[in-house]
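Trainee: Pasted the sequence and its predicted model underneath.
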Amino acid sequence: MSVIKKFLGQTAVYGVSTILSRLLNFILTPIYVRAYLPGTFGILTKLFSYASLINAVLAFGMESTYFRYLNKYEDKKDAVYNNSFICIAFIAGLFLITGSVFSDSIAAWISNGDIGQSADYQKYVKYFVGILFVDAICVIPFAKIRADNKAFRYSVVKFLNIGSFVGLNLVFIYIIPAVIKHHWLMSGWFESWYRYQWVGYVFISNLAASVLTFLVLLPEFLQIRFRFDKDLFLKMISYSWPILVANLSFIINENLDKIVLSKLLPRSVADIDVGIYGAVCKIAMFLSIFITAFRLGAEPFFFSHAKNENARKTYATILHYFVIALSLLFVALVANIEILKYFISRDKAHLAQYWSGLPAVPYLLFGYVCLGIYMNLSIWYRLSDQTRFGLYISLVGAILTIVLNFVLIPKYSYMGSAWVSMLAYFVMMVISYVLGQKYYPIPYKLKRIAGYLITSVVLVILSFWVFNRNIYIGNLLLLLFFAGIAYIEKDELKVLLARGK
């Protein structure tokens with residue numbers, strides 16, 4: 001039981017920091033949708049989607065590789081750290097040079113040939129090249145903090161990053177316009193360069209926050225020694241490149257829809273629909289926060305615990321209660337969507353546009369449920385050094401995402417994207433379970449897990465469509481679901497609580 005308590009303790013620290021950091025970041029969503037029209041918000045969504053794809057390439061799967069080899073070669077921890085950083089730094093350096101040289105051509109392609117915005121897009125690209133470079137070289141120092149069980153330091157650095165990003169956004173969107181409007185001190189200087197409602201300030205804020213993070217991580221950077229262990233590096237690369245492809249496929253599943261929407265829909269509605277879809281996706285991100293917090297605590301724990309005799313039983317227990325938490329959150333978010341929709345926008349001028357995307361939310365949420373389970377299940381191929389299976393599974397998901405988005409988006413717009421996202425993650429989850437039980441069997445309680453998932457889907461259908469998002473009925477269904485789970489799990493919970501004492 002002490003093992004479970006240790007895992008829960010680490011996850012709780014990461015969870016609190018992740019939730020608070022993301023909440024700070026989420027403050028920006030209602031600010032953005034009030035400050036920018038849906039078309040402008042669509043530009044923001046599109047560019048961050050491209051950035052997510054590039055981030056996956058620059059990280060090169062080295063974060064998971066670092067954790068795996070740190071525990072596999074305990075006598076070579078410094079070499080693992082050095083090799084991991086050198087790999088990412090080399091790739092990020094090439095990207096910085098290439099992105100800077102070809103920034104104008106990249107901007108022309110992203111802007112779809114819109115001459116009127118080409119100058120702005122050139123600036124956006126340069127900002128993003130800087131952001132992505134700095135974020136990439138910080139990946140391994142961040143991983144080292146987690147591996148060293150310095151959850152508090154990790155939280156502080158994350159708070160500084162998100163806090164500075166949010167703070168600078170508030171300065172550009174509210175404070176500077178107020179200074180100019182009321183002719184306060186330095187208003188003339190601000191007025192000489194400030195552009196009202198220019199989305200580029202979001203990217204400038206992000207770049208500044210990334211540079212600050214780099215400076216705070218200097219103690220970790222100073223521990224790097226540019227000593228290259230070739231034999232170890234080759235082993236690490238053979239482990240990491242399938243993870244790279246798998247991560248890239250995941251990012252495609254997560255972000256390709258926003259990019260394809262902007263390419264396949266008529267120019268008159270493309271950025272607007274991307275903006276609406278990007279805004280409603282933020283509601284689904286509440287579930288993503290929980291999954292991220294779990295991953296931050298689980299990844300180093302799973303690798304460090306792999307040699308224990310009862311490791312597989314522990315993994316099964318963790319997934320069981322993780323699914324319970326996911327199912328309850330899924331039902332809870334849909335039951336309260338009439339409250340959460342105000343998180344998107346309170347601006348009456350844009351309500352009808354943004355809220356028209358709410359029917360996509362249940363599909364996106366269930367997709368995240370499947371994604372969370374898949375992330376938990378994926379430990380089997382990471383621990384057994386069979387990362388090629390992660391590549392295969394992710395490629396299946398990516399192919400589904402690409403093909404079905406091109407088929408459904410022209411007819412159903414972002415609703416087609418939401419359906420595809422859900423289906424891709426569901427298929428990946430099922431394939432991972434089947435292969436995992438063949439190559440690295442773990443005694444999951446499949447019937448009970450499937451029962452909770454099916455029940456949550458039925459309750460969501462009732463809450464959202466049958467009872468038309470009635471908040472009282474939705475929460476009554478949630479309470480009944482919780483009571484049912486508590487009754488079914490009462491014996492196991494008594495045993496766990498008794499061991500905890």
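Mentor: That came through, no problem. Residues are numbered from 1 along each chain as shown.
Trainee: where in the protein is pLDDT low?
Mentor: Counting by pLDDT under 70, the chain shows low-confidence ranges at 1-26, 38-39, 112-117, 345-352, 496-501.
Trainee: Which residue is most remote from the mean position of it?
Mentor: residue 183 (41.2 Å; Cα atoms, centre = their mean).
Trainee: Secondary structure class of that one, three-state.
Mentor: coil (DSSP: H, G, I helix; E, B strand; the rest coil).
Trainee: where's it relative to residue 174, distance?
Mentor: 16 Å (Cβ to Cβ, to the nearest Å). For glycine as for every other residue, the C-beta is placed from the backbone atoms N, C-alpha and C.
Trainee: which residues in the stretch 51-200 of the chain form helices?
Mentor: Per DSSP state H, counting those that start in this stretch, the stretch 51-200 of the chain carries helices over the ranges 62-72, 77-101, 103-110, 118-137, 139-147, 151-170, 176-181, 187-193, 200-216.
Trainee: Could you point out which of those helices sits nearest residue 430?
Mentor: In terms of Cβ to Cβ, the element of those nearest to residue 430 is helix 62-72, at 22.1 Å.
Trainee: quick one: the host helix or strand of residue 299 to chain centroid distance?
Mentor: Using DSSP states H and E, residue 299 sits within helix 267-305. Its chain's average C-alpha position is 4 Å from that of helix 267-305, according to Cα atoms, centre = their mean, to the nearest Å.
Trainee: next one: stretch 119-138
Mentor: 19 Å.
Trainee: As a markdown table, the helices of the stretch 51-200 of the chain with distance to residue 258 and mean neighbour count would be great.
Mentor: Formatted as a markdown table, these follow (distance: least, Cβ to Cβ, whole Å; neighbours: other Cβ atoms under 10 Å):
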| stretch | distance to residue 258 | mean neighbour count |
| --- | --- | --- |
| helix 62-72 | 24 | 23 |
| helix 77-101 | 20 | 18 |
| helix 103-110 | 12 | 16 |
| helix 118-137 | 15 | 20 |
| helix 139-147 | 23 | 22 |
| helix 151-170 | 20 | 18 |
| helix 176-181 | 28 | 15 |
| helix 187-193 | 31 | 11 |
| helix 200-216 | 16 | 19 |
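Trainee: do you know which of the ones you listed lies nearest residue 315?
Mentor: Comparing the helices of the stretch 51-200 of the chain by Cβ to Cβ, helix 62-72 comes nearest, at 15.3 Å.
Trainee: List of residues touching the closest one?
Mentor: Residues outside helix 62-72 that contact it (Cβ atoms under 8 Å, 6 or more residues apart in numbering): 76-77, 80-81, 84, 87-88, 139-140, 143-144, 146-147, 232, 235-236, 239-240, 243, 299-300, 303-304, 306, 382, 385.
Trainee: Equivalent analysis for stretch 277-289, please.
Mentor: Outside stretch 277-289, the residues touching it (Cβ under 8 Å, 6+ apart) are 18-19, 22, 26, 29, 33, 38, 41-42, 44-45, 257-258, 261, 326, 329-330, 333, 337, 340-341, 343-345, 354, 357-358, 360-361, 364-365, 367-369, 372, 413-414, 417-418.
Trainee: and if you look at stretch 239-251?
Mentor: Taking Cβ under 8 Å, 6+ apart as the rule, stretch 239-251 contacts 52-53, 55-57, 59-62, 64-65, 68-69, 87, 382, 385, 387-391, 393-395, 397-398.
Trainee: related to what we said a few turns ago, tell me which of the helices of the stretch 51-200 of the chain lies nearest to residue 475.
Mentor: Short answer: helix 151-170, nearest of those by Cβ to Cβ, at 30.3 Å.
Trainee: Excluding residues flanking it in the chain, which one is nearest residue 420?
Mentor: residue 404 (4.4 Å; Cβ to Cβ, 6 or more residues apart in numbering).
Trainee: got the contact list for that neighbour?
Mentor: Contacts of residue 404 (Cβ under 8 Å, 6+ apart): 416, 419, 420, 423, 424.
Trainee: Now, of the contacts of stretch 277-289, which are buried?
Mentor: 18-19, 22, 26, 29, 33, 38, 41-42, 44-45, 257-258, 261, 326, 329-330, 333, 337, 340-341, 343-345, 354, 357-358, 360-361, 364-365, 367-369, 372, 413-414, 417-418 (16 or more other Cβ atoms under 10 Å).
Trainee: hmm, back to that, for the residue nearest to residue 420, what is the enclosing helix or strand?
Mentor: helix 388-412.
Trainee: just residue 226 next, same as before
Mentor: Residue 226 belongs to no helix or strand, assigned by DSSP H and E.
Trainee: Now do it: how many residues are near it, please.
Mentor: Neighbourhood size, residue 226 [other Cβ atoms under 10 Å]: 8.
Trainee: Show the contacting residues for it.
Mentor: 82, 86.
Trainee: The same query, at a cut-off of 10 Å, please.
Mentor: Applying Cβ atoms under 10 Å, 6 or more residues apart in numbering, we find residue 226 in contact with 82, 85, 86, 89.
Trainee: The second one and residue 140 touch, don't they?
Mentor: I take that to be residue 85. Yes: under the criterion of Cβ atoms under 10 Å, residue 85 lies in contact with residue 140, with a separation of 4.5 Å.
Trainee: Now the common contact residues for these two.
Mentor: Going by Cβ under 10 Å, 6+ apart, residues that sit against residue 85 and also against residue 140 are 62, 66, 220, 221, 224.
Trainee: between those, which is nearest residue 437?
Mentor: Distances from residue 437 to the shared contacts of residue 85 and residue 140, taken by Cβ to Cβ, are shortest for residue 66, at 27.7 Å.
Trainee: Mind putting the helices of the stretch 51-200 of the chain into CSV with distance to residue 377?
Mentor: Shown next, in CSV, are these (distance: least, Cβ to Cβ, whole Å):
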stretch, distance to residue 377
helix 62-72, 15
helix 77-101, 25
helix 103-110, 35
helix 118-137, 28
helix 139-147, 21
helix 151-170, 24
helix 176-181, 48
helix 187-193, 52
helix 200-216, 31
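Trainee: Of the ones you listed, which is nearest residue 441?
Mentor: Using Cβ to Cβ, the nearest of the helices of the stretch 51-200 of the chain to residue 441 is helix 62-72, at 20.1 Å.
Trainee: Burial check on residue 304, number of neighbours?
Mentor: 15.
Trainee: Who are the contact partners of it?
Mentor: Residue 304 neighbours (Cβ under 10 Å, 6+ apart): 6, 67, 70, 71, 147, 149.
Trainee: Pick out the most distant pair among those.
Mentor: Longest span within those, Cβ to Cβ: 6 and 70, 17.4 Å.
Trainee: List the contacts of residue 227.
Mentor: Residue 227 touches 78, 79, 82, 83, 86, counting by Cβ under 10 Å, 6+ apart.
Trainee: State the helix or strand in which residue 220 lies.
Mentor: helix 218-221.
Trainee: tell me the phi and psi of residue 228?
Mentor: phi -110, psi 120 (degrees, to the nearest 10).
Trainee: burial count for it?
Mentor: 12.
Trainee: Distance check, the residue nearest to it when sequence neighbours are not counted against residue 47.
Mentor: Leaving out its chain neighbours, the residue that sits closest to residue 228 by Cβ to Cβ, 6+ apart is residue 86, at 6.2 Å. The gap separating residue 86 from residue 47 is 29 Å, by Cβ to Cβ.
Trainee: Likewise for residue 400?
Mentor: 25 Å.
Trainee: One more: residue 269?
Mentor: Where residue 47 is concerned, residue 269 sits at a distance of 19 Å (Cβ to Cβ).
Trainee: Residue 419 reaches residue 367, doesn't it?
Mentor: Yes: Residue 419 is within contact range of residue 367, at 9.2 Å (criterion: Cβ under 10 Å).
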